[in-house]
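Quick one: sequence plus predicted model below, questions after.
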Amino acid sequence: MGWRNYYMDVIFVPFGLVIILAYHVWLWHKSQSQPSTTTFGRDAVGRRRWVPAMMKDIDKKNIVAVQSLRNLIMGSTLMATTAILICAGLGAVVSSTYSVKKVINDTIFGAHGEFMVGLKYAILLVVFSFSFLCHTFSIGFLNQVNILICTPQDVKSLVTPEYLTELLGKAILLNTVGNRLYYSALSLLLWIFGPVLTFFSSIAMVLVLYNLDFVAGNSNSSVEDFIPSGI
């Protein structure tokens with residue numbers, strides 16, 4: 001198969017993925033430099049205050065702490081289960097005797113050869129698998145926090161608020177990466193029907209995520225503006 005059959009897949013799909021990657025690099029930069037402008041920055045500030053507050057009065061707030069962490073675990077479990085089920089479904093389609101080429105024979109644009117069909121399913125399997133791994137690692141960290149946050153506090157305790165805040169931050173980061181890989185895989189799923197759909201769905205996803213990730217107003221605020229004096 002010549003370049004003529006591949007050029008739309010080679011141009012539109014990578015360009016759509018570059019748009020998604022560039023957006024998340026910019027989002028990370030804004031979260032680090034201007035945390036008040038993004039939901040992730042504000043959440044990070046809130047977590048740094050939430051963990052010490054829970055540990056300071058754990059006898060009265062243990063139910064609140066455990067329930068909050070359980071909700072995060074349930075969300076990660078749902079996403080991990082969905083991702084691995086999709087992987088199983090894709091694996092069943094690829095290994096079945098039914099010709100997967102029939103599904104995309106009617107696509108208007110893009111390559112239809114067996115190599116390209118196999119490549120599409122392989123990339124989808126890899127992305128969904130990494131999403132599953134990120135969510136399972138996140139669940140592991142959340143379980144650690146869930147247990148350690150109720151441990152008795154004394155001068156010699158190794159379980160400090162800073163340590164638990166670091167663990168919770170890792171869990172949230174892995175959960176976020178898993179979610180974003182999952183969203184990107186849903187965009188790549190449309191590649192089965194042509195690269196143009198993948199490109200436009202990537203742009204649409206970035207627009208939706210922008211409205212969810214950024215907070216209007218207070219663009220010049222810093223982290224200190226959210227932390228009262230004395231904390």
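Cool, the structure landed. Residues are numbered from 1 along each chain as shown.

What helix or strand is the most centrally placed residue in the chain located in?
For the chain, the residue whose C-alpha lies nearest the mean C-alpha position (CA atoms, centre = their mean) is Asn179; its distance is 2.6 Å. With secondary structure defined by DSSP states H and E, Asn179 is part of helix 161-189.

And the next helix or strand past that helix?
Past helix 161-189, the next helix or strand by DSSP H and E is helix 195-213.

list the helices and strands that next one packs on?
Packing partners of helix 195-213 (3 or more CB pairs under 8 Å, 6 or more residues apart in numbering; DSSP states H and E): helix 3-33, helix 39-56, helix 161-189. Where you see a C-beta, it was placed from the backbone N, CA and C, and this is true even at glycine.

That one: which residues count as buried?
195-199, 201-202, 205-206, 209, 213 (16 or more other CB atoms under 10 Å).

Please identify the most buried of the helices and strands packed on helix 195-213.
The highest mean neighbour count among the helices and strands packed on helix 195-213, using mean count of other CB atoms under 10 Å, belongs to helix 161-189: a mean of 19.

which SS class is the residue lying closest to the residue nearest to the centre of the chain once chain neighbours are set aside?
Computed as CB to CB, 6 or more residues apart in numbering, the closest residue to Asn179 that is not its neighbour in sequence is Met79, at 6.4 Å. Recorded secondary structure, Met79: helix (DSSP: H, G, I helix; E, B strand; the rest coil).

quick one: contacts for Met79?
131, 135, 175, 178-179, 182 (CB atoms under 8 Å, 6 or more residues apart in numbering).

Closest to Leu167 out of those?
The shortest approach to Leu167 among the contacts of Met79 belongs to Asn175, at 12.6 Å (CB to CB).

Provide a list of residues in contact with the closest one.
By CB under 8 Å, 6+ apart, Asn175 lies in contact with 72, 75-76, 79, 134-135, 138.

Quickly check the residues you listed for the two that are furthest apart.
Greatest spatial distance in those: Leu72 and Cys134, 13.6 Å, computed using CB to CB.

Compare those two and say which is more crowded by neighbours.
Legend: neighbour count by other CB atoms under 10 Å for Leu72 and Cys134, higher for Cys134 (24 against 19).

The more buried one reaches Ala185, doesn't it?
No: under the contact definition of CB atoms under 8 Å, Cys134 does not touch Ala185, with a separation of 11.9 Å.

which intervals of the chain have sub-threshold pLDDT?
1-5, 94-113, 155-156, 217-231 (pLDDT under 70).

Phi and psi next, for Ser76.
With angles defined as degrees, to the nearest 10, Ser76 sits at phi -70, psi -40.

count of residues packed around it?
The local packing of Ser76 (other CB under 10 Å) involves 25 other residues.

Contacts only, for it.
135-136, 138-139, 142, 175, 178.

returning to what we had before: of all the helices and strands packed on helix 195-213, which one is nearest Val117?
helix 3-33 (11.1 Å).

next one: the closest one to chain centre, how far?
Put simply, helix 3-33 sits 16 Å off its chain's centre (CA atoms, centre = their mean, to the nearest Å).

how many degrees apart are that helix and helix 161-189 in direction?
Going by axes from the mean of the first three to the mean of the last three CA atoms, to 10 degrees, helix 3-33 is angled at 160 degrees with respect to helix 161-189.
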